[in-house]
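Chemist: starting from these lines, generate the structure:
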Amino acid sequence: MTKLITPETEKALTLPVGMASPLWLMFAGAAAAGAAMFWARAWFKPTNLEAVLAPLPEPDSEVANAIIEAVEDAVMLAVETTDAVVEVAADMIEATVETVEDAVEVVEAVAEPLIEAAQEGAEAVIEAAEVVADDLTKLTGIGPKLAGLLAERGVTRFADIAAWTPADVETFDKDMKLMGRIDREAWIAQARRYAETAN
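Modeler: Residues are numbered from 1 along each chain as shown. You can find the predicted model right below:
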């Protein structure tokens, strides 16, 4: 017995191929019929024109008056509440301003003497630094650069160099890479002469 439906035909009927599939065509037809029924009911629905075009009923004056009174009462209550809130906020702001002003006065009273003392101390330090520091460039072999390097190491006076020991000479010679210049140019002897004349 031969089959009426070949495997190719069976596959074509069961495999949906886009809009050409019979199943999709059935779904599309059902959806179109449903949409047509919905819009037909909406458009052709009977309407009571007398009810639509009838004038609105007159409002009840007692109800309207009661609503107006309730709205007026609510507005007055809101205004009174707002006034009370504004008064409380104003009192709080005034108290805060007074507190801040008092705090500023206290800070000024405490800070002014401290600032004056700091200024006096700074001026004293500057004066002492100007008095204490010697011009080390007067020594032969010391220029501004070497004087700056010595100042970084705490040497700012002739008396400092005059008090160097052989160990100090060796340390400074090594640290500053002077290669024997301290002894060669007799910095210690020069510093002693300047220190004595300064005294």
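Chemist: mean confidence score for the lengthiest helix in the chain?
Modeler: Across the chain, the helix with the greatest residue count (assigned by DSSP state H) is helix 61-132. The average pLDDT within helix 61-132 is 77.
Chemist: for residue 153, list the residues it contacts.
Modeler: Taking CB atoms under 8 Å, 6 or more residues apart in numbering as the criterion, residue 153 is in contact with 172, 175. C-beta here means a position set from N, CA and C on the backbone, and glycine is covered the same way.
Chemist: can you rerun that using 10 Å?
Modeler: When the contact criterion is CB atoms under 10 Å, 6 or more residues apart in numbering, the partners of residue 153 are 160, 171-172, 175-176.
Chemist: look up how far residue 179 lies from it.
Modeler: Shown here: residue 153 relative to residue 179, a distance of 17 Å by CB to CB, to the nearest Å.
Chemist: which residue is nearest the middle of this structure?
Modeler: Nearest to the geometric centre of the chain sits residue 100, at 26.4 Å (CA atoms, centre = their mean).
Chemist: separation between it and residue 106?
Modeler: Here the criterion is CB to CB. By it, residue 100 lies 11 Å from residue 106.
Chemist: for residue 6, same thing?
Modeler: Counting by CB to CB, the gap between residue 6 and residue 106 amounts to 106 Å.
Chemist: mind telling me what element residue 178 is part of?
Modeler: When secondary structure is defined using DSSP states H and E, no element contains residue 178, which sits outside every helix and strand.
Chemist: is it correct that it is in contact with residue 145?
Modeler: No. Under the criterion of CB atoms under 10 Å, residue 178 is not in contact with residue 145, lying 12.0 Å apart.
Chemist: neighbour count: these two, which is higher?
Modeler: Set residue 178 next to residue 145 and count neighbours by other CB atoms under 10 Å: residue 178 wins out with 18 against 9.
Chemist: and the more buried one, what does it touch?
Modeler: Shown here is residue 178, whose contacts under the criterion CB under 10 Å, 6+ apart are 141, 146, 149, 169, 172, 184-185, 187.
Chemist: closest one of the residues you listed to residue 91?
Modeler: Each of those was scored against residue 91 by CB to CB, and residue 149 proved nearest at 67.2 Å.
Chemist: contacting residues around that closest one?
Modeler: Under the criterion of CB under 10 Å, 6+ apart, the neighbours of residue 149 are 142, 155, 172, 175-176, 178.
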